[in-house]
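*Asks:* the sequence and its predicted three-dimensional model are supplied below.
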Amino acid sequence: MTEKKTWSDRFETSLHPAIAIFNASIGFDIELIEYDLTGSIAHAQMLAHTGIITTAEAEQLVTGLEQIRQEYRSGNFNPGVDAEDVHFAVERRLTEIVGDVGKKLHTGRSRNDQVGTDIRLYLREQINQIRHQLREFQTVLLEHAENHVETLIPGYTHLQRAQPLSLAHHLMAYWQMAQRDWSRLGDIYQRTNVSPLGCGALAGTTFPIDRKYSAALLDFTDIYENSLDGVSDRDFAIEFLCAASLIMVHLSRLSEEIILWASQEFNFVTLKDSCATGSSIMPQKKNPDVPELVRGKTGRVFGHLQALLVIMKGLPLAYNKDLQEDKEAIFDGVNTVKACLEAMTILLSEGLEFCPVRLATAVSEDFSNATDVADYLAAKGVPFREAYNLVGKVVKTSLDAGKLLKDLTLEEWQQIHPAFEEDIYVAIAPRQVVAARNSYGGTGFEQVRQAINRAKSELKST
Ligand code: ARG
């Protein structure tokens with residue numbers, strides 16, 4: 001396995017077999033092969049464009065590289081540990097296919113700028129896919145929101161009943177989080193889409209390469225200004241994992257709510273069989289595995305962010321082999337976010353149903369209309385703080401009497417304060433409580449409808 005040395009004759013013996021395995025990244029960086037081929041094709045074309053190799057040679061290289069692509073796609077390219085990494089594997093196979101001209105491909109570049117190019121090509125494609133998935137997730141949230149403008153749900157602070165909400169308003173909060181995620185990834189795309197190709201090992205190259213030419217072939221919008229920075233920058237990957245972590249934070253919070261809502265204590269949603277699992281021993285159970293897994297997988301993505309930050313923090317310029325450790329963090333971060341977005345989108349679109357009857361009961365069985373009583377008095381000229389204290393007393397006496405505010409008689413109200421009139425009952429009905437919060441961005445039905453319309457035009461316009 002270690003007979004053949006990959007590098008120069010400076011080395012007299014080959015790697016210890018265990019060290020060869022330890023050193024190799026082919027086991028995971030094969031994920032980059034399509035991007036490696038695309039990057040190498042652009043590099044070969046640039047070499048011909050600048051006259052460093054002939055057009056005929058570049059054509060041979062490109063044909064060989066495309067053949068490797070076909071071999072890989074048909075399952076016939078499976079390099080082993082002896083190849084060390086995807087870059088060596090491709091170069092070796094290329095030379096087998098096209099002969100000695102294959103050895104010209106690496107002119108004017110290094111694996112350091114090559115791997116940097118590959119990850120950026122990979123990540124920008126993944127960013128686009130994740131942004132697309134976010135749009136699908138938002139679309140499903142919006143559909144639920146449209147169906148549930150008039151459905152009420154208790155709103156909580158400190159997980160204590162606070163004020164009732166339009167269910168659509170609650171769901172649209174997640175829509176907004178996803179909107180920031182979508183926009184954040186758009187920003188990160190800009191900084192990912194910069195070409196390090198041609199930075200060489202660290203210092204540039206002696207060949208008269210044209211970095212802008214290869215960058216344009218690869219649709220990069222910019223090139224790195226400084227070769228040392230170009231080969232050792234992983235800011236874009238850290239930014240990506242940070243954005244990925246925030247997506248997971250948002251999905252995890254929604255997951256936590258769905259888990260609570262599906263409990264018998266809340267009973268706000270029922271999970272459909274297609275997205276819930278049973279227990280091996282308790283036949284009555286239906287478990288919310290999907291949101292639980294999403295909540296659990298959040299930790300992995302945070303871990304990858306942390307790993308990459310720590311990998312970077314002590315690295316002197318420029319490339320260090322530590323950077324090989326970036327890949328599994330990035331790949332698993334990407335795969336986890338994609339899997340979670342897909343699962344949550346399916347869960348929302350066909351895996352759960354809200355229980356309107358239970359929700360209607362829930363919003364009318366508590367004191368979450370107490371603020372509205374205080375607001376009622378304040379609107380009649382009672383200073384708010386005084387009204388607040390009065391209502392506190394009412395809540396206390398009602399609790400003692402086992403009553404809700406709606407059960408108090410007009411006489412009882414008027415004993416509390418003469419300003420109460422018959423219209424207090426309308427003011428504290430849950431639907432009115434929600435409707436009245438008509439301030440911009442509030443839960444009032446009118447506001448929620450407007451928010452939905454704005455969200456719809458945002459989805460249409462991008
Ligand atoms: N497999 C390496 C990586 O993933 C490729 C770059 C190797 N560069 C080097 N100077 N050894 O980072």
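*Replies:* Perfect, I can see it now.

*Asks:* from now on I want contacts and neighbour counts done on CA atoms only, so please keep to that.
*Replies:* Will do.

*Asks:* residue 296: which element?
*Replies:* Using DSSP states H and E, residue 296 sits in helix 289-313.

*Asks:* return the helix or strand that comes right after that helix as PDB; C-alpha atoms alone will do.
*Replies:* Moving toward the C-terminus from helix 289-313, the next helix or strand (DSSP H and E) is helix 326-346. C-alpha atoms of helix 326-346 as PDB (Å, rounded to 0.1, in the frame of the first residue of the first chain):
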ATOM      1  CA  ASP A 326     -12.400  21.600   8.500                       C
ATOM      2  CA  LYS A 327     -14.000  19.200   6.100                       C
ATOM      3  CA  GLU A 328     -15.900  16.800   8.300                       C
ATOM      4  CA  ALA A 329     -17.200  19.800  10.300                       C
ATOM      5  CA  ILE A 330     -18.500  21.600   7.200                       C
ATOM      6  CA  PHE A 331     -19.900  18.400   5.600                       C
ATOM      7  CA  ASP A 332     -21.700  17.300   8.600                       C
ATOM      8  CA  GLY A 333     -22.900  20.800   9.400                       C
ATOM      9  CA  VAL A 334     -24.400  21.000   5.900                       C
ATOM     10  CA  ASN A 335     -25.900  17.600   5.900                       C
ATOM     11  CA  THR A 336     -27.400  18.000   9.300                       C
ATOM     12  CA  VAL A 337     -29.000  21.400   8.500                       C
ATOM     13  CA  LYS A 338     -30.400  20.000   5.200                       C
ATOM     14  CA  ALA A 339     -31.800  16.900   6.900                       C
ATOM     15  CA  CYS A 340     -33.400  18.900   9.700                       C
ATOM     16  CA  LEU A 341     -35.000  21.500   7.300                       C
ATOM     17  CA  GLU A 342     -36.400  18.700   5.200                       C
ATOM     18  CA  ALA A 343     -37.800  16.800   8.200                       C
ATOM     19  CA  MET A 344     -39.300  19.900   9.700                       C
ATOM     20  CA  THR A 345     -40.900  21.000   6.400                       C
ATOM     21  CA  ILE A 346     -42.500  17.500   6.000                       C
END
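
*Asks:* residue 13 belongs to a helix?
*Replies:* No - judged by DSSP: H, G, I helix; E, B strand; the rest coil, residue 13 forms no part of a helix; its state is coil.

*Asks:* for the residue in the chain positioned nearest to the ligand, which non-adjacent residue is closest in space?
*Replies:* Using C-alpha to the nearest ligand atom, residue 324 is the residue of the chain that sits closest to the ligand, at 3.6 Å. If the residues on either side of it in the chain are set aside, residue 324 comes closest to residue 25, at 7.3 Å by C-alpha to C-alpha, 6 or more residues apart in numbering.

*Asks:* now for the one you found: which residues touch it?
*Replies:* 81, 84-86, 324 (C-alpha atoms under 8 Å, 6 or more residues apart in numbering).

*Asks:* returning to what we had before: which strands and helices lie in contact with the helix holding residue 296?
*Replies:* Under the contact criterion of 3 or more C-alpha pairs under 8 Å, 6 or more residues apart in numbering; DSSP states H and E, helix 289-313 touches helix 235-261, helix 326-346.

*Asks:* what angle sits between that helix and helix 326-346?
*Replies:* With axes from the mean of the first three to the mean of the last three C-alpha atoms, to 10 degrees applied, the angle from helix 289-313 to helix 326-346 works out at 160 degrees.

*Asks:* okay, the contacts of residue 25 in TSV with secondary structure next?
*Replies:* Converted to TSV, those look like this (three-state DSSP):
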residue	secondary structure
81	helix
84	coil
85	coil
86	helix
324	helix
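
*Asks:* most surrounded residue in these?
*Replies:* residue 86 (25 neighbours; other C-alpha atoms under 10 Å).

*Asks:* mind pulling the model confidence for that one?
*Replies:* In this model, residue 86 is scored at 98, pLDDT.

*Asks:* surely it meets residue 24?
*Replies:* No - the pair residue 86 and residue 24 fails to qualify as a contact (C-alpha atoms under 8 Å) at a distance of 9.4 Å.

*Asks:* okay, strands next: where are they in the stretch 101-250 of the chain?
*Replies:* Taking DSSP state E, counting those that start in this stretch, the strands of the stretch 101-250 of the chain run over residues 152-157, 160-166, 194-195, 222-223.
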